[in-house]
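Undergrad: I'd like to go over a predicted model; first the sequence, then the structure.
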Number of protein chains: 2
Amino acid sequence: MSRQSASWLDGTPTTVLPLPDRGVDFGDGLFETILLRAGHPLFLDMHFARLALGLEALAIPDCLAAAQQQIQQVCSTIESACRWAVMRLSVLRSPGPRGYAPAHGLAPRILINITPLERDCDNMLAPATLNQAKIRLSTQPALARIKHLNRLEQIVAATQAQADNVDESFVFDQAGHLVCVIAGNVFLVCQGEVLTPVLDTCGVAGTRRRLIIESWGPSIGLKVREARLTLADLHSADEVFYSNSLITVRPVSSSGELSWQDHSVCNALFNKYREALV
Amino acid sequence: MSRQSASWLDGTPTTVLPLPDRGVDFGDGLFETILLRAGHPLFLDMHFARLALGLEALAIPDCLAAAQQQIQQVCSTIESACRWAVMRLSVLRSPGPRGYAPAHGLAPRILINITPLERDCDNMLAPATLNQAKIRLSTQPALARIKHLNRLEQIVAATQAQADNVDESFVFDQAGHLVCVIAGNVFLVCQGEVLTPVLDTCGVAGTRRRLIIESWGPSIGLKVREARLTLADLHSADEVFYSNSLITVRPVSSSGELSWQDHSVCNALFNKYREALV
């Protein structure tokens, strides 16, 4: 694969999306951001488990087998010389119709994009500086946990983070609960316990979050508990880090007047990720 | 113009959208649904006033002049033989970048689609049957009133409406306040006063809603007041109707056990619309 980004629509190389498309019209679809290592998608089962939940929540016809087959096909054609790349898998509901009501019997479109990464994902990123996002996530249980294409809240927050010159932002809900960072899940180490926000009304249930809760955390003797967290918990946390599919985990060094020097849990989890790759 | 739908990207006829595009990736953009009468866009100033608010809210560069010019150009090339058509104007933030943070200095894309309408928009639609949407709109003041591309809540509601075989749905917010219908604004006539929901935390501020509040209502001696409404207000309403740019206004005849026979205010407002066209 060249150093350029490349796209495939329903398995065929493309540079365009035929119109109309409900992804463009309404953000009517889902996506996954999948890390590729030497052309091989990492933790694909986790991505597909979340995608399955999203298809069900949005009543989009099951296209998991087709997506899996197209990912395999695309990965077989790219050069594994490119050590790290990001694959974006988008499932777009259908080409039309106009109006909010979906049509029956149209197969979803599967759009795959691969972009090489310059960064070596074998190494953990340096501790991050965060701010607090001014925009608060809206309460919407019907769309919580799934990775859908309606991402304006994240874009508004990311625009502020850019202006504030920070690496990421803590994001809260309308009631003031800590939910996540803009592009990832957040974890607090409080008195030896690892806490991460409950995601019943907003937020995305990250694949690495699930790995940390179910596998990597327990394997290093950590209990990870979902909890209703607030700014006060950030103040009392001994260590803070966040996760997503591209960085795995990254320590947080500071946010405003808060700072954290201990990154030991984050380091240990990153080591579990590296072991999982071998 | 043929009876087929046609599209233009940045003024050039097209059938495709070049990738990447943040509209597809994140629903990062805005749209307007504009009624065309004999090739002439109706109430375009109202659409542009709302579009301007949306561009500001999302920090998308001002592209109003370009959009206006492209609409004029497109309208001059279509056959006015097609009496009624719908123009969808989409403003897509930019082609990339990947990730939530927008890039600086990229001009928005302007996507125009025109689809002929079979229906004669000079005649008011027959009274509608509504249900209540199960999904409740999320509280998000930062995105309220503007017509952005994140429309999954409307799609979930429209999917239910389709299954329930109703024309439209009353939509409520998380606190149980009546906000709108899926694709339009809602009005209740209560003891001679016309009430419509406040849209400070969710909902779209419709162009016809504004015309009704500022112009058509007052011109027939009606005061239209924004209020915090609930299901109880629907129960006590003497007349109920809704509005959008394609139907103008449409009476509601029933919803579950509720029914309304009086459509006189709705009729009077539709007549004002017809007068405005002359």
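TA: Sure thing, it's come through.

Undergrad: give me the residue from chain A nearest chain B.
TA: Per Cβ to the nearest Cβ, residue A:27 is where chain A lies closest to chain B, at 2.6 Å. To be clear about C-beta, it is placed using only N, CA and C from the backbone, and glycine gets the same treatment.

Undergrad: That residue - how many residues pack around it?
TA: 28 (other Cβ atoms under 10 Å in any protein chain shown).

Undergrad: Which parts of chain A belong to which domain?
TA: A:6-116, A:128-277 (automatic domain parsing).

Undergrad: possible to save those as CSV with mean pLDDT?
TA: Below are those laid out as CSV (pLDDT from 0 to 100):
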stretch, mean pLDDT
domain A:6-116, 95
domain A:128-277, 98
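
Undergrad: ok, residue A:74 - contacts?
TA: Counting by Cβ atoms under 8 Å, 6 or more residues apart in numbering or on different chains, residue A:74 touches A:8, A:11, A:87, A:112, A:114.

Undergrad: Tell me the residues of the stretch 51-200 of chain A that contact chain B?
TA: A:58-59, A:86, A:88, A:90, A:92, A:98-102, A:111, A:113, A:115, A:135, A:138-140, A:142-143, A:148-159, A:161-162, A:174, A:182-183 (Cβ under 8 Å from any Cβ of the partner chain).

Undergrad: where exactly do the helices run in the stretch 101-250 of chain A?
TA: With helices called from DSSP state H, counting those that start in this stretch, the stretch 101-250 of chain A shows them at A:152-164, A:207-211, A:217-219, A:231-236.

Undergrad: Please work out which of these is packed deepest.
TA: Ranked by mean neighbour count, those are led by helix A:207-211 with a mean of 23 (mean count of other Cβ atoms under 10 Å in any protein chain shown).

Undergrad: Now do it: which elements does it pack against?
TA: The contact analysis (3 or more Cβ pairs under 8 Å, 6 or more residues apart in numbering or on different chains; DSSP states H and E) places helix A:207-211 against helix A:44-58, strand A:239-244, helix A:264-277.

Undergrad: where's the longest one relative to the chain centroid, distance-wise?
TA: The one in question is helix A:44-58. Between the centre of helix A:44-58 and the centre of its chain there are 12 Å (Cα atoms, centre = their mean, to the nearest Å).

Undergrad: Tell me the buried residues in it?
TA: Of all the residues in helix A:44-58, those buried under the rule 16 or more other Cβ atoms under 10 Å in any protein chain shown are A:44, A:46-48, A:50-51, A:54-55, A:57-58.

Undergrad: export those residues to CSV and tack on distance to residue A:208?
TA: Formatted as CSV, the buried residues of helix A:44-58 follow (distance: Cβ to Cβ, whole Å):
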residue, distance to residue A:208
A:44, 13
A:46, 8
A:47, 11
A:48, 15
A:50, 11
A:51, 15
A:54, 17
A:55, 21
A:57, 21
A:58, 23
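
Undergrad: Not counting stretch A:163-183 itself, show me its contacts.
TA: By Cβ under 8 Å, 6+ apart, stretch A:163-183 touches A:128-133, A:135-139, A:154, A:157-158, A:160-161, A:184, A:186, A:197, A:199, A:201-204, A:228-231, A:233-234, A:242, A:244, A:250, A:252, A:255, B:99-100, B:139.

Undergrad: swap the cut-off to 7 Å and go again
TA: By Cβ atoms under 7 Å, 6 or more residues apart in numbering or on different chains, the surrounding residues in contact with stretch A:163-183 are A:128-133, A:136-139, A:154, A:157-158, A:160-161, A:186, A:197, A:201-203, A:228-231, A:233-234, A:242, A:244, A:255, B:100, B:139.

Undergrad: Any of the residues you listed buried? List them.
TA: A:128-133, A:136-139, A:154, A:157-158, A:160-161, A:186, A:197, A:201-203, A:229, A:233-234, A:242, A:244, A:255, B:100, B:139.

Undergrad: Now do the contacts for the closest residue to residue A:266 other than its chain neighbours.
TA: Closest residue in space to residue A:266, ignoring its immediate chain neighbours: residue A:241 at 3.9 Å, by Cβ to Cβ, 6 or more residues apart in numbering or on different chains. Neighbour list for residue A:241: A:187, A:249-252, A:263, A:266 [criterion: Cβ under 7 Å, 6+ apart].

Undergrad: Does chain B have contacts with stretch A:34-46?
TA: No: judged by Cβ under 7 Å from any Cβ of the partner chain, stretch A:34-46 and chain B are separated, with a smallest distance of 12.8 Å.
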